[in-house]
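Student: Fold the stuff below for me.
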Amino acid sequence: MTTMMVVALAVGAALVFALAIYAWRRFYVCRTDGTYMTHDEHGFKRALKGKGIMWDWEEAIVRGPSAPKIEVAGLDLATGQRKIISLIDEKTGWVNLRPQYCMALPFVANTADDHRLVIQARIQFSLNRDLLKYVYQMEGFGLALETRIQSAFRAEVGARNDEVLRRSLDEVESGAIERLRKAERDGDELGEAGMALGVNFHSANFTYTVEDEVGAIGVAPFQTIAANSNGAAVSVLEGGPRQATRAASGVLSMRPQQLDLLGDVFKGRDAAGTAAILSILEMQTRQNIAEALAGSGQLVVVTGQEVGLAGAAAQREAIARAIARDAPQQPAAPNGATARA
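Tutor: Numbers count the residues shown, from 1 in each chain. Below is the predicted model:
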């Protein structure tokens, strides 16, 4: 009887020791800024939280070559350029839940009045512990995230005219974030039409530039100088560096988008400001005519009326000064009488 008790105690002690070793090896600690994903023969199982022991021997931490690539294009603070950031440690399986920045590649978006803009967007986000099953299942997480960011900003930009967009940048950013969050909620529903990314979206910001379609096809850019309400000259439309061959930039050669921008300049201006803008446009058209004639390589004789220079006050004053300068001086007659030629 004593021998049997000793054997039972030994077996029990061995089992307790083995159980302790198993519990020690399967014990995990997850802080709020990270987690481990686990899977079994059926696929994704859960994202670990807090402290605990994985008692199911079939459950294993997702790591190694079979782990999904959770990579995003972030911002390198040293260079200011994009760099690829991995949110999972392939060796240990640790998943980073801290807020990150995704810097999407520049993309083109059209406003409601068909202005082509080049958008540079940056989103702050973090992985959602409760929705990591979508991250586990997804191939190309970074591409899916950037695509959804571009779609959200294109929708917000496309809902506004360019003059409205310029004064509602904050609304575009908040609208883009709300669209991204809604896509997550819709994709997390039973029978959803789409798929959640497993992401919490925190903030968004973007900058944009007007795409220079004229300069892009080898034609010289367009530039118009207008006057503000105080009469000072300001640039309202501007292209890239000048080309060797200069294209006419008069009113008849403007693209619809340029006319729309110029129309925005006229809004809310007084009569003096409007007259100044029209006068500058007229001078630009005259310059185009003169350059076109000079560029022909032939001698062309035109009158002032033909190029629109007749009747201008500046030209009349210049002609009067030239006549007065070249006219012969008449000697004064004695006793104040006027000398006759």
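
Student: what about the strands in this protein?
Tutor: Taking DSSP state E as the criterion, the chain contains strands spanning 27-30, 34-40, 43-47, 50-53, 60-61, 71-75, 82-86, 94-96, 100-103, 107-110, 116-127, 199-210, 224-227, 233-237.

Student: which stretch among those comes nearest Thr147?
Tutor: Thr147 sits nearest to strand 107-110 of all those, at 9.7 Å, using C-beta to C-beta. Using the backbone N, CA and C atoms, a C-beta is placed for each residue, glycine as well.

Student: Name the residues of that closest one that are buried.
Tutor: For strand 107-110, a neighbour-count test (16 or more other C-beta atoms under 10 Å) marks Phe107, Ala109 as buried.

Student: per-residue confidence averaged over it?
Tutor: Averaging pLDDT along strand 107-110 yields 92.

Student: now for that strand, which elements pack on it?
Tutor: Packing partners of strand 107-110 (3 or more C-beta pairs under 8 Å, 6 or more residues apart in numbering; DSSP states H and E): strand 116-127, helix 141-158.

Student: out of those, which comes closest to Ala294?
Tutor: The closest of the helices and strands packed on strand 107-110 to Ala294 is strand 116-127. By C-beta to C-beta, the value is 33.2 Å.

Student: If you count neighbours, what's buried in the closest one?
Tutor: Residues of strand 116-127 classed as buried: Leu117, Ile119, Ala121, Arg122, Ile123, Phe125, Ser126, Leu127 (neighbour count, 16+ other C-beta under 10 Å).

Student: elements contacting it?
Tutor: When contacts are defined as 3+ C-beta pairs under 8 Å, 6+ apart, strand 116-127 sits against strand 100-103, strand 107-110, helix 141-158, helix 169-187, strand 199-210.

Student: okay, the fourth one in PDB with CA atoms only?
Tutor: These are the backbone C-alpha positions of helix 169-187, laid out as PDB (Å, rounded to 0.1, in the frame of the first residue of the first chain):
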ATOM      1  CA  LEU A 169     -10.500  71.700 -46.300                       C
ATOM      2  CA  ASP A 170     -11.400  70.800 -42.700                       C
ATOM      3  CA  GLU A 171     -14.800  69.500 -43.900                       C
ATOM      4  CA  VAL A 172     -13.100  67.300 -46.500                       C
ATOM      5  CA  GLU A 173     -10.800  65.800 -43.900                       C
ATOM      6  CA  SER A 174     -13.600  65.100 -41.500                       C
ATOM      7  CA  GLY A 175     -15.800  63.800 -44.300                       C
ATOM      8  CA  ALA A 176     -13.100  61.400 -45.400                       C
ATOM      9  CA  ILE A 177     -12.600  60.000 -41.900                       C
ATOM     10  CA  GLU A 178     -16.300  59.500 -41.500                       C
ATOM     11  CA  ARG A 179     -16.400  57.600 -44.800                       C
ATOM     12  CA  LEU A 180     -13.500  55.400 -43.700                       C
ATOM     13  CA  ARG A 181     -15.200  54.600 -40.400                       C
ATOM     14  CA  LYS A 182     -18.500  53.900 -42.100                       C
ATOM     15  CA  ALA A 183     -16.800  51.400 -44.400                       C
ATOM     16  CA  GLU A 184     -15.400  49.600 -41.400                       C
ATOM     17  CA  ARG A 185     -18.900  49.500 -39.800                       C
ATOM     18  CA  ASP A 186     -20.500  48.200 -42.900                       C
ATOM     19  CA  GLY A 187     -17.800  45.600 -43.500                       C
END
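
Student: Make JSON lines out of the strands of the chain and add distance to Ala14.
Tutor: Formatted as JSON lines, those follow (distance: least, C-beta to C-beta, whole Å):
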{"stretch": "strand 27-30", "distance to Ala14": "20"}
{"stretch": "strand 34-40", "distance to Ala14": "27"}
{"stretch": "strand 43-47", "distance to Ala14": "30"}
{"stretch": "strand 50-53", "distance to Ala14": "19"}
{"stretch": "strand 60-61", "distance to Ala14": "25"}
{"stretch": "strand 71-75", "distance to Ala14": "46"}
{"stretch": "strand 82-86", "distance to Ala14": "42"}
{"stretch": "strand 94-96", "distance to Ala14": "33"}
{"stretch": "strand 100-103", "distance to Ala14": "47"}
{"stretch": "strand 107-110", "distance to Ala14": "64"}
{"stretch": "strand 116-127", "distance to Ala14": "42"}
{"stretch": "strand 199-210", "distance to Ala14": "47"}
{"stretch": "strand 224-227", "distance to Ala14": "90"}
{"stretch": "strand 233-237", "distance to Ala14": "85"}
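
Student: Please name whichever of these is nearest to Leu143.
Tutor: That would be, of the strands of the chain and by C-beta to C-beta, strand 71-75, which comes in at 9.5 Å.

Student: Could you check the angle that closest one makes with strand 199-210?
Tutor: Between strand 71-75 and strand 199-210, the angle comes out at 50 degrees (axes from the mean of the first three to the mean of the last three C-alpha atoms, to 10 degrees).

Student: how much does strand 71-75 deviate in direction from helix 141-158?
Tutor: Relative orientation of strand 71-75 with respect to helix 141-158: 60 degrees, computed using the same axes, to 10 degrees.

Student: how about strand 71-75: buried residues?
Tutor: Buried-residue list, strand 71-75, by 16+ other C-beta under 10 Å: Glu71, Val72, Ala73, Gly74, Leu75.

Student: Beta-bridge partners for the second one, please?
Tutor: Assessed by DSSP bridges, Val72 has beta-bridge partners Ile85.
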